[in-house]
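Participant: requesting a structural model of the entry that follows:
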Amino acid sequence: MQNIEITIDQQGVALLTLNRPEVLNALNVPLLDDLCQALRQLATDEKLKALVVTGRGRGFCAGADLSAVGQGAAPGDSIGQMVSAQMQSHFNPAMELLYHFPRPTICAINGIAAGGGAAIALCADIVLASRDASLKFVQVQALGIVADLGANWLLPRIAGRSRALGACLLGDSLKAPQLQEWGLVWECVDADQLLPRALEVGSRLAAVPAATVLATRQIIDAAGKSSFTAALEQERLAQRELCDLPVFSESVARFMSQ
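Facilitator: Just a heads-up that it's a prediction; the model follows:
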């Protein structure tokens, strides 16, 4: 895959790198095809325990490749129809695969993540950023369109309605300290420590059963639209399944022997 690089370490942590550094890893159809193929393959690898996503070069992802707008349109289609079709066939499926990836996911934001790239950056279970990183939702101010790739779902759930509207409508560059203050990232680190830290977090999550991570993700995501009573019931049902995993009995025995 020309536009994606993948390495997997001995702990089963995969590092997936967007690899179009000459255009700040801007998203075009070939890259998205490669990304979807990579995510599907990794999802079926039983040895894989966690996934780290980052970008090659000086930026994480500049969003959609605007130089490709209008290319590949069906005869008679408007630009809007073409963009909508590509979102349905390439952009949105890639986001679904990443968001629902069946292992713990970590995004390591190096440099700028703009437009759709900012949504990708926020899509992981754990988000880390270098101190020179920034997010910028450029679509409204720069292009007169709405933010996309799930930004309008992710932002208010993470940062609240007011901050989500401000970030999208104003398109200001959100620097690393602000990202951490708003809870958009878990941790900011020096640039040279970003990947080592992301792989370390990946190793920690790799030691947890994938079913436990997925159950946690599902319960937390459902919390915003469910009652406290419903959350208690969802937790109960999860524990019924997870407490039968060998890791639970082993962990209890290890704790009791200390």
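
Participant: for stretch 93-113, output the C-alpha coordinates as CSV.
Facilitator: Coordinates of the C-alpha atoms in stretch 93-113 are reproduced here as CSV (Å, rounded to 0.1, in the frame of the first residue of the first chain):
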residue,chain,number,x,y,z
PRO,A,93,-16.5,4.0,5.4
ALA,A,94,-12.9,4.8,6.5
MET,A,95,-14.2,6.6,9.5
GLU,A,96,-16.6,3.8,10.4
LEU,A,97,-13.8,1.3,10.2
LEU,A,98,-11.6,3.4,12.4
TYR,A,99,-14.2,4.3,15.0
HIS,A,100,-15.5,0.7,15.3
PHE,A,101,-12.0,-0.9,15.1
PRO,A,102,-12.2,-4.0,17.3
ARG,A,103,-9.0,-3.3,19.2
PRO,A,104,-7.9,-0.3,21.3
THR,A,105,-7.0,2.7,19.2
ILE,A,106,-4.6,5.5,19.8
CYS,A,107,-4.1,8.6,17.6
ALA,A,108,-0.7,10.4,17.8
ILE,A,109,-1.2,13.9,16.4
ASN,A,110,2.0,15.2,15.0
GLY,A,111,1.7,18.8,13.8
ILE,A,112,-1.4,20.0,12.1
ALA,A,113,-4.6,18.0,11.8
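
Participant: show residues contacting stretch 32-46.
Facilitator: When contacts are defined by C-beta atoms under 8 Å, 6 or more residues apart in numbering, stretch 32-46 is touched by residues 1-4, 6, 8, 14, 16, 18, 48, 51, 90-91, 93-94, 97-98, 101-103. The C-beta positions use only the backbone N, C-alpha and C, and glycine is treated the same way.

Participant: just the buried ones out of these, please.
Facilitator: Among these, those that count as buried by neighbour count (16 or more other C-beta atoms under 10 Å) are 3-4, 8, 14, 16, 18, 48, 51, 90-91, 93-94, 97-98, 101, 103.

Participant: related to what we said a few turns ago, out of the contacts of stretch 32-46, list just those in strands.
Facilitator: The strands, defined by DSSP state E, take in 4, 6, 8, 14, 16, 18, 51 from these.

Participant: what's the closest of these to Pro177?
Facilitator: The nearest member of these to Pro177, counting by C-beta to C-beta, is Leu18 at 24.6 Å.

Participant: which residues touch the closest one?
Facilitator: By C-beta under 8 Å, 6+ apart, the residues touching Leu18 are 3-4, 25, 31, 35, 53-56, 60-61.

Participant: for this protein, what spans make up the strands?
Facilitator: Counting by DSSP E, the strands of the chain are 4-8, 13-18, 50-55, 59-61, 105-109, 112-114, 126-130, 134-136, 174-175, 187-189.

Participant: what's the angle between the second one and strand 105-109?
Facilitator: Compare the direction of strand 13-18 with that of strand 105-109 by axes from the mean of the first three to the mean of the last three C-alpha atoms, to 10 degrees and you get 40 degrees.

Participant: what strands flank strand 13-18, and is each parallel or antiparallel?
Facilitator: strand 4-8 (antiparallel), strand 50-55 (parallel) (DSSP bridges).
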